[in-house]
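[1] task: produce atomic coordinates for the following.
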Amino acid sequence: MEGLPEGLTREEEERLREFNELFERLDRAWADYFSEGLRAIREWERFRVGLLAEVHRLSGMLEEITREREELEIKLELGLVDAERAKRDMEALEERGKRIERRLNAIREFLNVIDSRASPHKRRLIFELAPGESGVKARLEELKKLKEEGVISDEVFESLRRELEATG
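    Down below sits the predicted model:
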């Protein structure tokens with residue numbers, strides 16, 4: 001710290017230096033948090049897209065299994081397939097459906113856990129982007145920029161936009 005104000009006691013000068021150093025460390029920590037936070041959110045959003053695609057794919061597979069089971073039941077009723085074969089096929093479809101459902105539930109839980117972990121960080125980072133009296137409008141502009149740059153998804157953008165507009 002450059003020149004100290006005159007008239008301070010030695011103890012006050014020392015405390016002034018200590019507080020200055022403390023706040024400098026906090027500034028560095030915040031800058032690190034901000035850059036790492038944006039990086040983490042960006043990476044999560046990119047990975048999240050793949051998980052959502054997998055949820056969609058698995059959901060489609062479950063729907064297909066349901067259709068196959070219904071078709072098999074109809075074939076059985078019409079006598080187009082014997083009961084023993086229908087039973088084996090139904091059991092195989094049921095087991096396949098259970099495996100897919102376990103995977104689907106695991107991915108959904110993964111999404112929920114990480115989304116809930118990411119959410120407070122997203123809010124902190126967005127609110128830090130444009131401080132000041134005209135903060136809400138400036139934050140909305142910064143939020144739009146982050147969406148256009150692909151830092152945040154449309155879903156995150158809409159969620160944070162609603163939150164910002166509610167505070168303004």
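
[2] and after the helix or strand residue 11 falls within, which helix or strand comes next?
    Under the criterion of DSSP states H and E, residue 11 resides in helix 10-78. Toward the C-terminus, helix 10-78 is succeeded by helix 83-129 as the next helix or strand (DSSP H and E).

[3] please name every helix or strand in contact with that next one.
    Applying 3 or more Cβ pairs under 8 Å, 6 or more residues apart in numbering; DSSP states H and E, we find helix 83-129 packed against helix 10-78, helix 135-148, helix 154-167. All C-beta atoms are positioned from the backbone trio N, CA, C, and that covers glycine.

[4] how far does the helix holding residue 11 sit from the chain's center?
    Using Cα atoms, centre = their mean, to the nearest Å, the mean C-alpha position of helix 10-78 is found 3 Å from that of the whole chain.

[5] stretch 4-23 too?
    Per Cα atoms, centre = their mean, the centroid offset for stretch 4-23 relative to its chain is 43 Å.

[6] can you report how many residues lie near the closest residue in space to residue 151 that isn't next to it in sequence?
    In this structure, residue 151 finds its nearest non-sequential neighbour in residue 42, 5.1 Å apart by Cβ to Cβ, 6 or more residues apart in numbering. Residues lying near residue 42 (other Cβ atoms under 10 Å) number 15.

[7] nice, that's everything, thank you.
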